[in-house]
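Undergrad: 3D, please:
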Amino acid sequence: MHNVRVDQIEETRSKAKEDPKAAMLDVAIEGEWHSNESEAQFAGPLKFVEGETTLEADFPPFLGGAGRAPTPLGYCFYGAMCCYASTFATQAAMAGVELKSLRVRLNLSVDFRNSLGLGDFVPFGPFDFQVEVDTDEDAQAVQKVKQLADERCPAMWAMQNKVDFKTEATKI
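TA: Next comes the predicted model:
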C-alpha cells in the first residue's frame, strides 16, 4: 500500500515475537575528514540493501567550512524528518489508511554559541514537523495515524529519551 510492503512488515512482526533479533538493524558507518581545501570537509560511504552511496558534509562558511555539501546537522535533521515520514506512511499502511500523497516539512533553529565556546546554550529550538496528507479518509483517521507515528517513530523516541553514547579517540 502506497509503497509500503505491509506483508513484509507483518512477517517481521511475527518473527520478532519469537526472536527479537528479527526486528534489529545493526549500524556500522564510518567517514573521513578531508584536509584538502578543494573537497567537502567530511565524506563516507553509506551502504544499503541495493548498493552504496557516498555522503559528504561541509560546514557553512560562518562555521569554518565552504558550504560545498550539506551540513552534518542537515543530515541529522533530514534523517529525523525522513524517519518520521517513513513511520507515518508505514503506520498508515498498517492501519489500512491509503495515502495519495504525504509531504513533511521540518523547521527549527540551531544556536551554535555553545559550539563556539561562548557559554552553555541550548543548541536546538523545538522541532516543528508539519505533515500534509492527501487521503480519502477522514481527519480522525489521519490524527490516529499521526498518534501512532508520534509513538512509534525511532527519531521521535530519541528526541524524547536519553540515548547512551560513548566516544573514543586513538592516536595512530
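Undergrad: Could you measure from the residue positioned nearest the centre of the chain over to residue 39?
TA: Ranked by distance to the mean C-alpha position of the chain (Cα atoms, centre = their mean), the top residue is residue 79 at 2.1 Å. The gap separating residue 79 from residue 39 is 23 Å, by Cβ to Cβ, to the nearest Å. Placement of C-beta: from N, CA and C, glycine included.
Undergrad: ok, back up a step: please name the nearest non-neighbouring residue to the residue nearest to the centre of the chain.
TA: residue 155 (6.8 Å; Cβ to Cβ, 6 or more residues apart in numbering).
Undergrad: The helix or strand where that neighbour lies - contacts with which helices or strands?
TA: Using DSSP states H and E, residue 155 falls within helix 154-160. If you count contacts as 3 or more Cβ pairs under 8 Å, 6 or more residues apart in numbering; DSSP states H and E, helix 154-160 packs onto helix 72-94.
Undergrad: got the buried residues for the helix it packs on?
TA: Within helix 72-94, the residues that qualify as buried are 72, 75, 77, 80-81, 83-94, counting by 16 or more other Cβ atoms under 10 Å.
Undergrad: what ranges do the strands span in the chain?
TA: Assigned by DSSP state E, the chain shows strands spanning 32-33, 42-48, 51-57, 101-107, 128-134.
Undergrad: Any chance of JSON lines for these, columns mean pLDDT?
TA: Shown next, in JSON lines, are the strands of the chain (pLDDT from 0 to 100):
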{"stretch": "strand 32-33", "mean pLDDT": "96"}
{"stretch": "strand 42-48", "mean pLDDT": "96"}
{"stretch": "strand 51-57", "mean pLDDT": "97"}
{"stretch": "strand 101-107", "mean pLDDT": "98"}
{"stretch": "strand 128-134", "mean pLDDT": "97"}
